[in-house]
Structures are given as structure tokens and as C-alpha cells.
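[1] just to be clear, the model below is a prediction. Sequence and coordinates:
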Amino acid sequence: MHGKDQDEAMEHALGLQEKRQLTMVHPFDDPLVIAGQGTIGLELMEDLPEIDTVLVPVSGGGLISGIALVLKSADSSIRVIGVSMDRAPVMYHSLRAGKPVEMEEEDTLADALLGGIGLNNQYTFRMIQEYVDDVILVT
């Protein structure tokens, strides 16, 4: 852990990457991470060929991007609904703003869901805009 939130921890990790010439694997905004998450969509179609709607948790968007890409590529009528916590739902607000936004982190039961999506988000924001039917908030 480093810093007051996950965004500061990421900045520190990027500094270490550069200083020590390490390889950074982004936790969600990475095409290979998204592709790996897409295998869940393949499993859903294999186990439930009649699937017409899926609910997928949303944080940074890697999981839902992969699943939605696979499902929508197979059948564009499958509805993909993102579910976001109502405490600092940065992707939800980013989608409504039409661009990535920053928000203060709020404590939740799921620490891994905290943090932003990055103002320089390269993949997940755009993919959610394209492949996800809606993102809803839950308390």
C-alpha cells in the first residue's frame, strides 16, 4: 500500500516500473486482461445457450468489457447490464459525463472496487459505451 488511495498507489507503481524497468500489468484497462475476462462470456454461452441478459459488476470495467465484447459479438440482442456500487461509482458518472471523470474514494466492503478509471483510459470506457446496454447503481 502506498498513498491515500488507489490512484496514488498506481502512480507509485508506475514510478517503480520506470525506475526498475518492470512490466506493468494494468488491473483492468489492458487488452489482454479484457480478453482474459472475455472467457467468462464464452463459458456463459456454453453453459446457458439461451442466455438473453447478464448482470456484471462494474468498477474499472475490465470484467464487463471482456464479457460484453464476447456476448455482443455472438448475439447483439443479449442485454449486458453493469451493476455499480453507489459509493464513488466513477464509471457510472463517467458514462453520463461522456468522458472519464475523477471522484473521491469512499470506503466500501469491496476495497478492490475503489479508485478511478483513469483520465487517460484507453479501452474500458469506450468498450462499455459501445457494448453495455446500461449501468445501474445499487446500495
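    Thanks, I have it.
[2] quick check: residue 55 vs residue 76, distance?
    According to CB to CB, to the nearest Å, residue 55 and residue 76 sit 18 Å apart. (C-beta placed from N, C-alpha, C; glycine too.)
[3] which pLDDT value goes with the closest residue in space to residue 1 that isn't next to it in sequence?
    Excluding the flanking residues, the one nearest residue 1 by CB to CB, 6 or more residues apart in numbering is residue 9, at 6.5 Å. With respect to pLDDT, residue 9 scores 81.
[4] so residue 9 is in which element?
    helix 6-20 (DSSP states H and E).
[5] so what's the residue nearest to residue 1 up against?
    1, 2, 3 (CB atoms under 8 Å, 6 or more residues apart in numbering).
[6] SS state for the second one?
    So the one you mean is residue 2. The three-state label given to residue 2 by DSSP: H, G, I helix; E, B strand; the rest coil is coil.
[7] touching, it and residue 12? I think so.
    Yes. Using CB atoms under 8 Å, residue 2 is in contact with residue 12, at 4.1 Å.
[8] now do the helices in this protein.
    6-20, 31-47, 62-74, 90-97, 124-131 (DSSP state H).
[9] center of this structure - which residue?
    With distances taken as CA atoms, centre = their mean, residue 61 lies nearest the centre of the chain, 1.0 Å away.
[10] what about the spatially closest residue to that residue that is not a sequence neighbour, how many residues nearby?
    Of all residues not flanking residue 61 in the chain, residue 124 sits nearest, at 3.1 Å (CB to CB, 6+ apart). Using other CB atoms under 10 Å, residue 124 has 28 neighbouring residues.
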